[in-house]
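**Student:** What follows is a predicted structure for the sequence shown.
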Amino acid sequence: MVNPSQDAPAQAKNKKVLIENLEIKYGDTVALTDVNLDIEANEIYGIIGPANSGKTSFLNCINRMDDMRPNMSTTGRVWFNGIDVTNWRNLYSLRRQIGVVFPLPVGLPLTVYNNVALAPQLSGINKKADLDEIVERCLRRAALWDEVKDRLDSLGSLLSGGQQQRLTIARALSQEPDLLMLDEFSIAVDPVTTMRIEDVLKELKKEMTIILVTNLVQQAQRLADRTAFFLNGRMVEMGKTEDLFAGKVQHQETLDYIEGRFG
């Protein structure tokens, strides 16, 4: 399923994700260029920036969503667990290790139970006792179990917006991912639910690496260990989150965005 690259740089073997000279295009239009960064295991890595900065495109290239977009092309290298992602012949094996949560809840037309049980079933787990344990564990980890345990057979689409987003997180967790990518997960979620999910992410960090794309700079400040600032299709800078929010920046653009002078 995977062909480990013989020319993997030494630093790639010690990082969860390593990006080298990444450029992303849609047709002839450059969406993101000259990105070089690394992401450590068990850290929350924040990515901030205004719309059309290339943040979502960045996530798409990590789990090779560009394969599904004929007009999207990438150059450069993306290493995940020391392996170039282009060396995964079986994309399912790659994407099983990378959970994704999108801005709006993407509920499957299934019951709450089956939304979470589907991925384990597809991987060959069919015993009901095993599936029951996985469903409960993932719903608890997504801070949703107490609210839905008596209606597991109801359609997931009947849940509230915030509950559906947490169901999406539970579904992503059912894959037992090594990396969890969240793309502005709180854009359609109320503040109380947002804080509950943030508490979940702090706990999940003990078990996995998280990439957090957020349009809320304060959310990055609360959660991220390090943060990268994207603007107009380029990574302006990255650093420890506490340093960036303390004004220790290399570029005035970063400080202006963090302090809300544009965006």
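**Tutor:** Structure's in. What do you need?

**Student:** If you count neighbours, what's buried in stretch 88-96?
**Tutor:** Residues of stretch 88-96 classed as buried by neighbour count (16 or more other Cβ atoms under 10 Å): 88, 94, 95, 96. Where C-beta positions appear, they are placed from N, C-alpha and C, glycine not excepted.

**Student:** ok, which pair from the residues you listed is furthest apart?
**Tutor:** Spatially, the most separated pair among the buried residues of stretch 88-96 is 88 and 96, at 10.4 Å (Cβ to Cβ).

**Student:** Can you give me the neighbour number for residue 149?
**Tutor:** 13 (other Cβ atoms under 10 Å).

**Student:** Kindly report the same for residue 208.
**Tutor:** Counted with other Cβ under 10 Å, residues neighbouring residue 208 total 19.

**Student:** can you give me phi and psi for it?
**Tutor:** phi -150, psi 170 (degrees, to the nearest 10).

**Student:** Name the SS class of the nearest residue to it once chain neighbours are set aside, please.
**Tutor:** Of all residues not flanking residue 208 in the chain, residue 180 sits nearest, at 5.5 Å (Cβ to Cβ, 6 or more residues apart in numbering). What DSSP: H, G, I helix; E, B strand; the rest coil gives for residue 180 is strand.

**Student:** Likewise for residue 189?
**Tutor:** Recorded secondary structure, residue 189: coil (three-state DSSP).

**Student:** hey, where'd the helices end up in the chain?
**Tutor:** Assigned helices in the chain, in chain order: 55-62, 91-95, 112-122, 128-141, 145-148, 161-173, 191-204, 217-223, 241-245, 252-258 (criterion: DSSP state H).

**Student:** which parts of the shortest one are buried?
**Tutor:** Buried residues in helix 145-148, counted by 16+ other Cβ under 10 Å: 145, 148.

**Student:** Of all the helices of the chain, which one is nearest residue 17?
**Tutor:** helix 55-62 (6.6 Å).

**Student:** Can you name the residues in contact with the closest one?
**Tutor:** 17, 22, 24, 31-32, 35, 47-49, 65-66, 69, 72, 74, 78, 80, 85, 98, 100, 179, 181, 183, 211, 213, 230 (Cβ atoms under 8 Å, 6 or more residues apart in numbering).

**Student:** Buried only: go through those for me.
**Tutor:** Neighbour-count burial (16+ other Cβ under 10 Å) applied to the contacts of helix 55-62 gives 17, 22, 24, 31-32, 35, 47-49, 65-66, 72, 74, 78, 80, 85, 98, 100, 179, 181, 183, 211, 213, 230.

**Student:** Output the buried residues of stretch 88-96 as JSON lines; include the columns distance to residue 168 and pLDDT.
**Tutor:** Output for these, formatted as JSON lines (distance: Cβ to Cβ, whole Å; pLDDT from 0 to 100):
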{"residue": "88", "distance to residue 168": "24", "pLDDT": "81"}
{"residue": "94", "distance to residue 168": "20", "pLDDT": "86"}
{"residue": "95", "distance to residue 168": "15", "pLDDT": "84"}
{"residue": "96", "distance to residue 168": "16", "pLDDT": "85"}
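
**Student:** Thank you kindly, that will do.
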